[in-house]
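Chemist: Could you work out the structure for the sequence below:
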Amino acid sequence: MPAHPRSGKILLGSALLVYQCAFGDWFAIARGAHDPPAACRLRPRDGFFISLLSRTARRRTPHATVPPVKSLKQGRRYALSPSHYLFATVFLLRLIVLLRLTGSAFLLPNSGDMHFYNEWAQRILHGQVTEHHAFYGLPLYPYLLASLYALFDSSPFIPGFLQAILDGGTAVLLYKLAVKIFSSPAPPGHPAVAGPQNRPRNFFKRYRGECIGVLAALGWGFFLPEEAYAAILMPTAGLVFVFWFVVWQIVRRREAPAPLGSLMLGVLIGFTAMGIATILFLVPLFFVALFFKWNWTGDTRSILLAKAAAAALAFIGFGIGTSPCWIHNYFIAHDPVFLSAHSGVNFWIGNNPVATGYPRFPPGLHAGQKAMLEDSITTAEKAAGRSLKRSEVSAYWSEKARAYIKNNFGAWLKLLLVKAGNFWNAFQYDDLSIITILREQNVILPGLKFGLVAALAIPGFLLAFSKYPLSRWVAAAILLHMASLLTVFVTERYRVAAVPGLLLGASFGVSELWQNCVSAKYFRAALYLALLLAATLFVSIPQKDPGLWALDAYNAGWQALQSNNLPLAEKKLNVAYAYAPENAEVNFALGNLRLAQGNNPRAESYYFATLRLDSNHEGAYNNLGILALEEKHWSRAAKLLAKAVQQDPGDAKTYYLIAQAQFHAHDFQNASLAIARAIELNPAEPQFHALSEAIQRAQATQSPR
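Modeler: Just a heads-up that it's a prediction; the model follows:
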């Protein structure tokens, strides 16, 4: 598909939009301002870009150390603040990773959640806007991808480019939060200007907030997991930007927003929830700020009415923001689902007898977004004995989770503690294994990992709690995000949204240690180091489940197998098997590898090992049935394939294979029933009709007994 003729302008406009949200007074009207300040008005004599830059340029006080940059117009000067340079630096780092990715074999997704999002977007692009069911997966990101594919082409590069812009905006928000929270006020009775009477003894004390902000923003630029997630088809970058934009709006204000401001923030949170619902856990923080932080003018009665009106407008905003979801589900699919019906199965995966706090799939469900969603529908309908609406599927899994919690309340409380520990733990549970894969292929740059950031952040927040009250809002946002994951499970990409806040705490802690050492305050420096040691021990608690350590090797081996890189698949899957020889999926993958290598006896042995570990494994039954077909063991093939179809009654291909086995075994009556079911499920397949005609001819020529 050819690119949109104005694609370059659209990309530039997107960059400027994120830049303006992070830098400027985009929500000036939310503060009650009706006219933009003079510095924000465009002047006809200025160029377009220079005008926008002047609108967002920071006004420097006389003690500013960053020199102004001369404009293209004679006599005009425009100051570039550190925010501009941080935006450009982080954006450039993300762009380098994206360009490296385009030169690798991993730009086009062929598995996992990236493939799920891309496939959904392609269906939308080709006219399948709705499937007339309630959404079974949050729809915002696929629909945005489809829009980008329509404007440009079906390449993951453009989404990655826009995600790089969003990450640059997040770096700016970090800098502005640090300046707001940690800047040292001027001494009482002295103006905040440079001069001998008002000059701090050292540069760092004078620019504490700015230094912490620069350190945190650069930490975000070099945070290893986000380097990977910002480059691939994943909504993480958008969630992180909106999450911390809302926190910034809460922290920066002293006065309450105008009514339209509350409405707009509600719309923003609701709209983002259609992509990642965990942002809804920021709503309590917003209401606490609304009722207790922001100042209101008027008498007691008018203030209470104003607060109630602002809260009501925020709720209306949530409804408006999420309206595409619930309007589709209620009025098009006729199914009472608010956002997505897959919440029930996620709740069950995170709260079941074999749950570990990570996404360990219970029997009957397989890893991968698409496979898990399909399995959850099939299993629920099999249990009910009928076709179910998506809301009924969600209710089935939610009820199983609630029953587990009710009957095992003590064990569930321990599970919550395990999840909380997993959230802070240095172990990197990347369910996609994309971080390891891209790092091994030298796509992403070396950088920080979660464990180091968390260990530095914990003592930082403890020291900042009383000295810098605004830091408590950042800590509260982190804890609320953690609470959102306690309802389900913890993965690396799920907890990334907390990292910008943790970087603020970590940067403050490092700055405190430096200043205390320089100022010879050794007791406070020792206190920080003691807290750091305790935090390091906490986040470094080892994970003893060998299956967790096998994850990256398994995913890398499976991806190599799908791309027919058999030597790499052999290497990675053997590592995974060494860690977890009793894992059904590892044995199944090794069986597929042996099958691809032409070693059928070894493949069979791995498939039987898979069935010993998971007696309902559809793939193992299916592949053993195909091997039996190749060996012309017709009766055995029919039995194995019948076991496979019990796990997925909607698989037309398996019914076709059963009919084929029964046809060769001269069981024409059952073969006729099997092929009829296959044609019912997929009437457009010519092979099915050809086999049906062959069975009918065989029945007609069969002599009576």
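Chemist: which regions of the chain lie under the pLDDT threshold?
Modeler: Counting by pLDDT under 70, the chain has low-confidence residues at 1-79, 184-202, 367-368, 703-705.
Chemist: what about 50?
Modeler: 1-2, 5, 25-76, 186-200, 705 (pLDDT under 50).
Chemist: nearest spatial neighbour of the residue sitting nearest the centre point of the chain, skipping sequence neighbours?
Modeler: The chain has residue 236 as the residue nearest its centroid, 4.0 Å off, counting by Cα atoms, centre = their mean. Excluding its sequence neighbours, the residue lying closest to residue 236 (Cβ to Cβ, 6 or more residues apart in numbering) is residue 229, at 4.2 Å. Bear in mind the C-beta positions are built from the backbone N, C-alpha and C, glycine included.
Chemist: Now do the contacts for that neighbour.
Modeler: 236, 237, 434, 493, 496 (Cβ atoms under 8 Å, 6 or more residues apart in numbering).
Chemist: ok, and the most crowded of those residues?
Modeler: Within the contacts of residue 229, most neighbours by other Cβ atoms under 10 Å means residue 434, with 28 neighbours.
Chemist: Name all residues that make contact with that one.
Modeler: When contacts are counted by Cβ under 8 Å, 6+ apart, residue 434 touches 106, 112, 114, 228, 229, 232.
Chemist: make it 7 Å
Modeler: Listed by Cβ atoms under 7 Å, 6 or more residues apart in numbering, the contact set of residue 434 reads 228, 232.
Chemist: Now do the phi/psi pair for the residue nearest to residue 540 when sequence neighbours are not counted.
Modeler: Spatial nearest neighbour of residue 540, chain neighbours left out: residue 426 (5.5 Å); criterion: Cβ to Cβ, 6+ apart. With angles defined as degrees, to the nearest 10, residue 426 sits at phi -70, psi -20.
Chemist: right, and residue 426 touches residue 453 too?
Modeler: No: applying Cβ atoms under 7 Å as the test, residue 426 and residue 453 come out as separate, 9.6 Å apart.
Chemist: who has more neighbours, these two?
Modeler: Shown here are residue 426 and residue 453; by other Cβ under 10 Å, residue 453 has more neighbours (24 against 18).
Chemist: Can you name the next helix or strand after whichever helix or strand that one is part of?
Modeler: According to DSSP states H and E, residue 453 maps onto helix 450-467. Where DSSP H and E defines the elements, the next helix or strand beyond helix 450-467 is helix 471-486.
Chemist: For the helix or strand just after that next one, list the C-alpha coordinates in PDB.
Modeler: Proceeding N to C from helix 471-486, the next assigned helix or strand is helix 492-495, under DSSP H and E. Written as PDB, here are the backbone C-alpha positions of helix 492-495 (Å, rounded to 0.1, in the frame of the first residue of the first chain):
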ATOM      1  CA  GLU A 492       8.400  -7.500  32.700                       C
ATOM      2  CA  ARG A 493       6.300  -5.500  30.300                       C
ATOM      3  CA  TYR A 494       3.500  -5.100  32.800                       C
ATOM      4  CA  ARG A 495       5.700  -3.600  35.400                       C
END
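Chemist: which residues touch helix 492-495?
Modeler: Identification of contacts with helix 492-495 by Cβ under 7 Å, 6+ apart yields 225, 229, 234, 236, 423, 428, 429, 430, 435, 450, 485.
Chemist: Next: stretch 203-218.
Modeler: Residues outside stretch 203-218 that contact it (Cβ under 7 Å, 6+ apart): 82, 86, 90, 171, 174-175, 178-179, 181-184, 200, 503-504, 507-508, 510-511, 515.
Chemist: same question, stretch 664-679
Modeler: 634-635, 638, 652, 655-656, 658-659, 662-663, 688-689, 691-692, 695, 698-699, 702.
Chemist: tell me which residues in that stretch are buried?
Modeler: Buried residues in stretch 664-679, counting neighbours by 16 or more other Cβ atoms under 10 Å, are found at 665, 667, 668, 670, 671, 672, 673, 674, 675, 677, 678, 679.
Chemist: quick check, the last one in a helix?
Modeler: Yes: the assignment for residue 679 (DSSP: H, G, I helix; E, B strand; the rest coil) places it in a helix.
Chemist: Make residue 1 into 42 and carry on from there
Modeler: Fine by me, first position is 42 from now on; the one you just mentioned is residue 720.
Chemist: Now the helix or strand containing residue 156: buried residues?
Modeler: Using DSSP H and E, residue 156 falls within helix 153-166. Going by neighbour count (16+ other Cβ under 10 Å), the buried part of helix 153-166 is 153, 154, 155, 156, 157, 158, 159, 161, 162, 165, 166.
Chemist: Tell me who's in contact with residue 614.
Modeler: 595, 598, 627, 630, 631, 634.
Chemist: what's the closest non-adjacent residue to the second one?
Modeler: Going back to what we said before, that points to residue 598. Using Cβ to Cβ, 6+ apart and skipping the chain neighbours, the partner closest in space to residue 598 is residue 613 (3.2 Å).
Chemist: Compute the distance between the one you found and residue 601, please.
Modeler: Residue 613 sits 6 Å away from residue 601, going by Cβ to Cβ, to the nearest Å.
Chemist: and these two? which has more neighbours close in?
Modeler: Remark: of residue 613 and residue 601, residue 613 carries more neighbours, 28 against 20, as counted by other Cβ under 10 Å.
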